[in-house]
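# fold the following, please.
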Amino acid sequence: MADDKDVLRDVWYGRIPACFTLHQDEVTEREAEPYYLLLPRVSYLTLVTDKVKKHFLKVMRAEDVEEMWFEYEGTPLKWHNPIGVLFDLHASSSILPWNITVHFKNFPERDLLHCPSNSVIEAHFMSCIKEADALKHKSKW
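Residues are numbered from 1 along each chain as shown. Purely as a prediction, here's the structure:
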């Protein structure tokens, strides 16, 4: 049986190979090449958004760019869930790399929370930490 430390290390340092492709309905000046990344399981998609956006903005006009969002096989990926959770829920039985589709238009208002800045991410994360603490300690110190 594996040592607890080995399991913890594998979970903490685990990465998922992902291929980001631009949705075919997005307007581009030339064909967009896929973008490959190794995503940490314990991280969030919003932390790689800047890299992906920078890659695809090379082939797009600025006026065609709205809020970026991701989907996997027609299901919008919720940015506030860790990457490992998203992969396990939606793609654990699929072949790697995980093929994630990138959108810049038609934001799914009913399915996703808007994420306009890093301060929103931080505020949401801190709110989740406070909620978990309240549930664990039942607001008793």
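# CA atoms for contacts and neighbours, from now on please.
Fine.
# low-confidence ranges, the protein, go.
Within the chain, the ranges that satisfy pLDDT under 70 run 1-2, 139-141.
# just the strands in it please.
Ranges of strands within the chain are 15-22, 35-40, 69-72, 75-76, 98-103, based on DSSP state E.
# angle of the last one against strand 15-22?
This means strand 98-103. 40 degrees (axes from the mean of the first three to the mean of the last three CA atoms, to 10 degrees).
# what's in contact with strand 98-103?
Residues outside strand 98-103 that contact it (CA atoms under 8 Å, 6 or more residues apart in numbering): 16-23, 26, 68-73, 87, 91.
# which among these end up buried?
Listed as buried from the contacts of strand 98-103 are 16, 18-23, 68-72, 87, 91; burial here means 16 or more other CA atoms under 10 Å.
# CA atoms of stretch 127-138 as PDB?
Taking C-alpha atoms only, stretch 127-138 is exported to PDB below (Å, rounded to 0.1, in the frame of the first residue of the first chain):
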ATOM      1  CA  SER A 127     -16.600  33.600   1.000                       C
ATOM      2  CA  CYS A 128     -16.300  29.800   0.400                       C
ATOM      3  CA  ILE A 129     -13.600  29.500   3.100                       C
ATOM      4  CA  LYS A 130     -15.800  31.500   5.600                       C
ATOM      5  CA  GLU A 131     -18.800  29.300   4.700                       C
ATOM      6  CA  ALA A 132     -16.800  26.100   5.300                       C
ATOM      7  CA  ASP A 133     -15.500  27.400   8.600                       C
ATOM      8  CA  ALA A 134     -19.000  28.300   9.700                       C
ATOM      9  CA  LEU A 135     -20.300  24.800   8.800                       C
ATOM     10  CA  LYS A 136     -17.400  23.000  10.500                       C
ATOM     11  CA  HIS A 137     -17.400  25.000  13.700                       C
ATOM     12  CA  LYS A 138     -21.200  25.800  13.700                       C
END
